[in-house]
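Enquirer: Next one to model:
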Amino acid sequence: DVGLDYGLFDGRINGSLVYYIKTNSDLLLDVPVSNTNGFTSFIQNSGEMRNSGLEFDISADIIYSSDLNWSVYGNISTLKNEVLSLPSGEFINNENLVREGEAIGVFYVREYLGVDPENGDALYAGADGEPTNNYNAAPRKIMGSPHPDFYGGFGTRVGYKGFDASISFQYQYGNKVYWADGEFLT
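Expert: Presented below is the predicted three-dimensional model:
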């Protein structure tokens, strides 16, 4: 980690800016096995992954007196996640894929193209890219990452003669969400 803390106007505005990079080894992953023994996977320490990004936060005292205090704050962070090595090159766990060179847990599913207006069948992208209603003929492919491009929060605090109130919000942007329940809707 490399960081910079700052304070301005006698500490009424302060915060930090941090760059981080960390490599983790011995990831705890579900490794698929033949289900002839009654299990479809076992947990194993294997692989290596790197996380890196920036974090920025700021807080400001708008009003600061003996009776009344009002402050605002916010932060934003980025994350880049990459699997560096795996013993077998990749693991597939239901809708998620762990593959070297990709973010951990990317969505590995068939591409849904909508509904066939003639008969109501679900349509998927076939191997040739053309629509097909044959689910098994549609190859699985990476359709996005569950990790946001950036995320953070913001809020405010108000205090008056020993009573405090605060409100906080959080946000994230750039990630995909897989809605598994949608498979069973008609």
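Enquirer: contacts, neighbours, all on C-alpha from now
Expert: Noted.
Enquirer: which regions of the protein sit below the pLDDT cut-off?
Expert: Low-confidence segments of the chain, defined by pLDDT under 70: 32, 182-186.
Enquirer: center of this structure - which residue?
Expert: By CA atoms, centre = their mean, the mean C-alpha position of the chain lies nearest to His147, the distance being 2.0 Å.
Enquirer: Show residues contacting stretch 115-129.
Expert: Applying CA atoms under 8 Å, 6 or more residues apart in numbering, the contact partners of stretch 115-129 are 110-114, 131-135, 137-139.
Enquirer: what residues are up against Pro87?
Expert: Pro87 is in contact with Ser46, Gly47, counting by CA under 8 Å, 6+ apart.
Enquirer: Please report how far it lies from Glu48.
Expert: In this view, Pro87 and Glu48 are 10 Å apart by CA to CA, to the nearest Å.
Enquirer: same check, this time on Gly114
Expert: Going from Gly114 to Glu48 by CA to CA gives 37 Å.
Enquirer: what about these two, which has more around it?
Expert: Glu48 (17 against 14; other CA atoms under 10 Å).
Enquirer: give the contact list for that one.
Expert: Thr23, Asn24, Ser25, Asp26, Leu27, Val83, Leu84, Ser85, Leu86.
Enquirer: The residue located most distally from the centre of the chain: what secondary structure?
Expert: Distance from the C-alpha centroid of the chain peaks at Ser66, with 42.0 Å (CA atoms, centre = their mean). Secondary structure of Ser66, reduced to three states by DSSP: H, G, I helix; E, B strand; the rest coil: coil.
Enquirer: swap in Asn75?
Expert: For Asn75, the secondary-structure state derived from three-state DSSP is strand.
Enquirer: Tell me how far it lies from Gly155.
Expert: When distance is defined by CA to CA, Asn75 is 10 Å away from Gly155.
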